[in-house]
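okay, predicted coordinates and the sequence, questions at the end:
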Amino acid sequence: MSFLKNYILDEEFQVNYFRGKINIKNYIKINYMEDKKISISYIDGIIVVHGENLKIIKLLDNEILVDGKIEMVEWK
């Protein structure tokens, strides 16, 4: 039962890459968004996704899914 509680209440910042998409959990805000760059703030800094035809295909309160031709992920 504690596993389920930890899963539901998970507040840790996470970035996962799968099937050509980046899933970002527990971010603070989207700073900048265009088709070549998306900048996202999290508690310890900023993550910038670089590429082509970038778009956010899923947007929830604490989770987004970025799709497109992802070329680089930069941590600041």
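Alright, I've got the coordinates.

please make it C-alpha for all contacts and neighbour counts, starting now.
OK.

gap between the strand of greatest length in the chain and the chain center?
Looking across the chain with DSSP state E, the single longest strand is strand 45-59. Its chain's C-alpha centre lies 7 Å from the corresponding centre of strand 45-59 when counted by C-alpha atoms, centre = their mean, to the nearest Å.

what angle sits between the helix or strand following that strand and strand 45-59?
For strand 45-59, the following helix or strand on the C-terminal side (DSSP states H and E) is strand 63-75. If you take axes from the mean of the first three to the mean of the last three C-alpha atoms, to 10 degrees, strand 63-75 sits at 150 degrees to strand 45-59.

elements contacting strand 63-75?
Packing partners of strand 63-75 (3 or more C-alpha pairs under 8 Å, 6 or more residues apart in numbering; DSSP states H and E): strand 21-25, strand 45-59.

pick the most deeply packed of the ones you listed.
strand 21-25 (a mean of 19; mean count of other C-alpha atoms under 10 Å).

any stretches of this protein with poor pLDDT?
For the chain, the stretches flagged by pLDDT under 70 are 1-10.

once you drop chain neighbours, what's closest to the residue positioned nearest the centre of it?
Note on the chain: the residue nearest the mean C-alpha position is Ile24, at 2.5 Å, using C-alpha atoms, centre = their mean. Leaving aside its chain neighbours, Ile24 sits nearest to Val15 (4.6 Å; criterion: C-alpha to C-alpha, 6 or more residues apart in numbering).

what about that neighbour, helix or strand, and which?
Going by DSSP H and E, Val15 is part of strand 14-18.

ok, Lys21 to Lys76 distance?
20 Å (C-alpha to C-alpha, to the nearest Å).

pretty sure the residue nearest to Ile24 contacts Tyr27?
No. Counting by C-alpha atoms under 8 Å, Val15 stays clear of Tyr27, with 9.6 Å between them.

great, nothing more from me.
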